[in-house]
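J.: Got a sequence here, can you build the structure:
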Amino acid sequence: MKNKLLVTILLLAPLISWANVVFDEFPKNINPDEKYVFYNHGKVLEGNIEKPVNPSKPHWGVYDFPGVKESLSDPDYHLIAYHRPKNTNPFEYAKKLNNDINKLIKAGVLPQNITIIGFSRGGEITIYSATELKNKNISYIILAACSNEIQRNKKYKLYGHVYSVIEKSDEVGSCDGIKNNSGDNIRSYDELLIDTGQSHGVFFRPNPEWVKPVKDWIKRNN
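T.: As a prediction, the model looks like this:
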């Protein structure tokens, strides 16, 4: 009986989904029938510290990278969350991100099953990525990243399905400007304003005010 059970497990092993596992590097095995979500973190996290504090903005609190990754993980999709090196060039990193997205698509993953999340500097990278990739079937989630500088530059555009989350007490505001720059490249656009009083730091931690709407949106759009 035990031998039969072992054989059954071995036969089923290739079919077992690894969704809900957080990848810190590109997955070695791609299932073309499943969904993939990238999370691009903020600049203060660049380097080798898992829970840093921004020295110029200590009131924002600790950036809980492990907690954010855990909260964003879900059985419905694979979460890929790289930890970028210190002083990463955001434009070069956007090229790496696009290379990884294209590898997923080449492996058979449908673009509509790919979502890119970016917070702060990670959100800027996400915008650079979208500008170059020009894929209207991918979904993008921008967390407090639409700076005035980016919105004034008409070359930056978003594509596909876009969800923006901003905090009322944060100096980084709405993505409406880049939405207007993007025209019909954007197939759908929603923006959520949360009000926690935590400024930019609200996205440093897995606060349900932004995590739950983000996960709900991913599931609706994939």
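J.: Show me where this structure has its helices.
T.: All helices of the chain, identified by DSSP state H, fall at 2-12, 65-72, 90-106, 121-133, 148-152, 176-182, 208-221.
J.: Would you convert those into TSV that also reports mean pLDDT, mean neighbour count and distance to residue 52?
T.: (Glycine included, C-beta is placed from N, CA and C.) As requested, the helices of the chain are arranged in TSV below (pLDDT from 0 to 100; neighbours: other C-beta atoms under 10 Å; distance: least, C-beta to C-beta, whole Å):
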stretch	mean pLDDT	mean neighbour count	distance to residue 52
helix 2-12	44	9	41
helix 65-72	98	18	8
helix 90-106	99	17	18
helix 121-133	98	25	13
helix 148-152	92	14	24
helix 176-182	96	19	28
helix 208-221	96	16	19
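J.: Out of the ones you listed, flag the one nearest residue 57.
T.: Distance to residue 57, taken as C-beta to C-beta, is lowest for helix 121-133 among those, at 13.5 Å.
J.: Other residues contacting the closest one?
T.: Under the criterion C-beta atoms under 8 Å, 6 or more residues apart in numbering, residues 39-43, 46, 90-91, 93-95, 97-98, 101, 116-118, 138, 140-147, 150, 155-160, 178 lie in contact with helix 121-133.
J.: same thing with stretch 96-116?
T.: 26, 30, 32, 34-38, 40, 77, 80, 125-126, 129-130, 132-133, 135, 137-141, 160, 218, 221-222.
J.: And those residues, which of them are buried?
T.: 30, 35-38, 40, 77, 80, 125-126, 129-130, 133, 135, 138-141, 160, 218, 221-222 (16 or more other C-beta atoms under 10 Å).
J.: circling back: could you export the helices of the chain to a markdown table, including columns for distance to residue 59?
T.: Compiled in a markdown table, those are given as follows (distance: least, C-beta to C-beta, whole Å):
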| stretch | distance to residue 59 |
| --- | --- |
| helix 2-12 | 51 |
| helix 65-72 | 19 |
| helix 90-106 | 25 |
| helix 121-133 | 19 |
| helix 148-152 | 22 |
| helix 176-182 | 27 |
| helix 208-221 | 18 |
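J.: Could you point out which of those sits nearest residue 193?
T.: helix 208-221 (10.5 Å).
J.: can you give me how far the closest one is from the chain middle?
T.: When distances are taken as C-alpha atoms, centre = their mean, to the nearest Å, helix 208-221 is centred 12 Å away from the chain's centroid.
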